[in-house]
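Undergrad: give me a 3D structure for the following:
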Amino acid sequence: MSKPSPAVAIRPLRPADVVLLASLWARGKPPFGPAYRNEAQTWERLGLEEAGFRLMECTLKEWLPLADRRHSWIAARGLRACALASVRPRCSSSAWEVDYLIAGRGDETLCLTLVEQLTQGLGRAGVEKVFVRLKADSPLLGTIRQAGFFPYLKERLLAIDRAPQGLEPAKLPLRERTLADALPLFQLYNAAVPAAVRRNEAPTLREWVAVQEKGRWQHMIAMGTEGPSALLRLSKRNRAGRFSLLTQRRQDVPLDYLLAAALNHLADRRPILCLVPEYQKAVAHRLEEMGFRAVGEYVVLVNRLARPVEEAVPVAEGVQQAYPVS
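TA: Now for the predicted structure:
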């Protein structure tokens, strides 16, 4: 007579769950293959394979400081993990992102429960938005939509093995971003990004600052005649280089100068990757002309858990009504 399978336990991840995490990490490698891969695609990991099975390094470094870095839930049968979901804050406690989303075939319902538990807890804590980026063909895309996430943006990841030869030197000065640039860059964001995306992502300056993705990178600004004309985000990690570009549709600075600046900065990296939103068609077309190829397509989703309270404030005489401040 066969023994009944143990019941599934769904609960927050504990520092003592080393064995459960080890089983999940091991099954993300052959012969299990992609069945247990992490479906959440954070910016700093795009285009890179998940790190190998390194029990002490991955588990102790990444997961034990749970209280101040992320919230995580796990589903397990005995000593075998079935699904894992984890969220971490972006640049403010009001905006978080899913950074780990793992479930085996047939365990999608468990993954749904984990995500719902996490978002409910964040909602009670006053978090306003939770984001997640998935591959366009992710098997968990339907699951995450059932958990209340709405797709609002498509992106393509373009790659080239090395920087193209014969690039012209960047004929524009670039400078590091400072805290004082928040408002001018938000104005650039409003000029560069379609309203449908901004409405779901960051309709206010406060929200735009909060939703910035974390990571170790440089933010370089190209100045135009009336302020910032473009923002380059550059990163070097694990021998690879990656960049993204925020630029006005009617730009003061030629696109080739901006791309040359990014590629010259990353010339020692192999490969070089660029994440391009679907509305940046000119950027994608020019990169493809330079030899870049598409290596991934993604969908970005958001779950708006709470709306900021609008506060009426005094206004100058002659204004018909008070306006909301968020």
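
Undergrad: run through the strands of the stretch 101-250 of the chain in chain order.
TA: 129-135, 150-160, 174-176, 218-224, 227-237, 240-247 (DSSP state E, counting those that start in this stretch).

Undergrad: count of neighbours near the residue nearest to G227 when sequence neighbours are not counted?
TA: Of all residues not flanking G227 in the chain, P184 sits nearest, at 4.7 Å (CB to CB, 6 or more residues apart in numbering). Every residue, glycine included, has its C-beta placed from N, CA and C. P184 is flanked by 16 other residues according to other CB atoms under 10 Å.

Undergrad: P184 is in contact with S229, isn't it?
TA: No. With contact defined as CB atoms under 8 Å, P184 does not reach S229; the gap is 10.1 Å.

Undergrad: from the chain's centroid, how far away is stretch 239-253?
TA: How far stretch 239-253 lies from its chain's middle: 17 Å, per CA atoms, centre = their mean, to the nearest Å.

Undergrad: can you list contacts of it?
TA: 43, 46-48, 172, 185, 188-189, 191-193, 222, 224-226, 229-235, 255, 258-259, 262, 265-266, 268-276, 280, 283 (CB atoms under 8 Å, 6 or more residues apart in numbering).

Undergrad: list buried residues within the residues you listed.
TA: Listed as buried from the contacts of stretch 239-253 are 43, 46-47, 172, 185, 188-189, 192-193, 222, 224, 229-235, 255, 258-259, 262, 265-266, 269, 271-276, 280, 283; burial here means 16 or more other CB atoms under 10 Å.

Undergrad: give me the subset of the contacts of stretch 239-253 lying in helices.
TA: If you go by DSSP state H, the contacts of stretch 239-253 have 185, 188-189, 191-192, 255, 258-259, 262, 265, 283 in helices.

Undergrad: contacting residues for the residue nearest the centre of the chain?
TA: With distances taken as CA atoms, centre = their mean, T42 lies nearest the centre of the chain, 4.1 Å away. Counting by CB under 8 Å, 6+ apart, T42 makes contact with 97, 99, 133, 213, 215.

Undergrad: tabulate the strands of the stretch 101-250 of the chain in JSON lines, adding columns for distance to T119 and mean pLDDT.
TA: Shown next, in JSON lines, are the strands of the stretch 101-250 of the chain (distance: least, CB to CB, whole Å; pLDDT from 0 to 100):
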{"stretch": "strand 129-135", "distance to T119": "6", "mean pLDDT": "96"}
{"stretch": "strand 150-160", "distance to T119": "13", "mean pLDDT": "96"}
{"stretch": "strand 174-176", "distance to T119": "35", "mean pLDDT": "88"}
{"stretch": "strand 218-224", "distance to T119": "29", "mean pLDDT": "87"}
{"stretch": "strand 227-237", "distance to T119": "27", "mean pLDDT": "88"}
{"stretch": "strand 240-247", "distance to T119": "27", "mean pLDDT": "91"}
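
Undergrad: CSV please, covering the ones you listed and showing distance to R77.
TA: CSV is the format used below for those (distance: least, CB to CB, whole Å):
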stretch, distance to R77
strand 129-135, 25
strand 150-160, 32
strand 174-176, 50
strand 218-224, 45
strand 227-237, 35
strand 240-247, 37
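
Undergrad: between these, which gets nearest to C82?
TA: Closest of these to C82 is strand 129-135, at 19.3 Å (criterion: CB to CB).

Undergrad: other SSEs contacting that closest one?
TA: Counting contacts by 3 or more CB pairs under 8 Å, 6 or more residues apart in numbering; DSSP states H and E, strand 129-135 is packed against strand 95-103, helix 108-124, helix 141-146, strand 293-304.

Undergrad: tell me the angle it makes with strand 293-304.
TA: Angle of strand 129-135 versus strand 293-304, following axes from the mean of the first three to the mean of the last three CA atoms, to 10 degrees, is 150 degrees.

Undergrad: any idea how far L157 is from A103?
TA: Distance, A103 to L157, by CB to CB, to the nearest Å: 23 Å.

Undergrad: who has more neighbours out of these two?
TA: When neighbours are counted by other CB under 10 Å, A103 and L157 differ, and A103 comes out ahead with 26 against 20.
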